[in-house]
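>>> The sequence isn't on hand, but the structure is:
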């Protein structure tokens, strides 16, 4: 698995206090991981800090999965 994607899975697991192995790249933050909007925002901010990038505000609303976040970080 891609190292960056693995890092995002680990960040997500840390926020959820869950085993990273249980978090798949296509897991929906809302529907599979049951995160609220504020939790997703915190997760995105955490990832931006870890990767030293800034995701444009208009793109944040499109992020719904681990893979979506990874793709946005790659493009930032």
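Sure, I can see it. Keep in mind it's a predicted model, so treat the numbers as computed, not measured.

>>> residue at max distance from the center of the chain?
Computed with CA atoms, centre = their mean, the residue of the chain farthest from its C-alpha average is residue 58, at 16.0 Å.

>>> Tell me both backbone torsions, phi and psi, for the closest residue to residue 39 other than its chain neighbours.
Here the nearest residue to residue 39 in space, its sequence neighbours aside, is residue 15; by CB to CB, 6 or more residues apart in numbering that works out to 6.9 Å. Using the backbone N, CA and C atoms, a C-beta is placed for each residue, glycine as well. Torsion angles at residue 15 (phi, psi; degrees, to the nearest 10) stand at phi -60, psi -40.

>>> Return the residues in contact with residue 15.
The neighbours of residue 15, taking CB atoms under 8 Å, 6 or more residues apart in numbering as the test, are 35, 39, 42-43, 46.

>>> most surrounded residue in those residues?
Using other CB atoms under 10 Å as the neighbour criterion, residue 43 leads the contacts of residue 15 with 22 neighbours.

>>> just checking, it touches residue 69?
Yes: using CB atoms under 8 Å as the test, residue 43 is close enough to residue 69 to be in contact (7.5 Å).

>>> And the contacts of the helix or strand harbouring residue 69?
With elements delineated by DSSP states H and E, residue 69 resides in helix 66-75, which encompasses its position. Helix 66-75 is touched from outside by 2, 4-5, 8-9, 12, 23-27, 29, 43-44, 47-48, 51, 53, 55, 59-60, 62-63, with contacts defined as CB under 8 Å, 6+ apart.

>>> Centre of the chain to it, how far?
Between the centre of helix 66-75 and the centre of its host chain there is 7 Å, according to CA atoms, centre = their mean, to the nearest Å.

>>> What average pLDDT does that helix get?
Along helix 66-75, the predicted confidence averages to a pLDDT of 94.

>>> The nearest residue to residue 6 once chain neighbours are set aside: what's it in contact with?
For residue 6, ignoring the flanking residues on the chain, the nearest one in space by CB to CB, 6+ apart is residue 20 at 7.9 Å. Contact partners of residue 20, counting by CB under 8 Å, 6+ apart, are 6, 9-10, 12-13.
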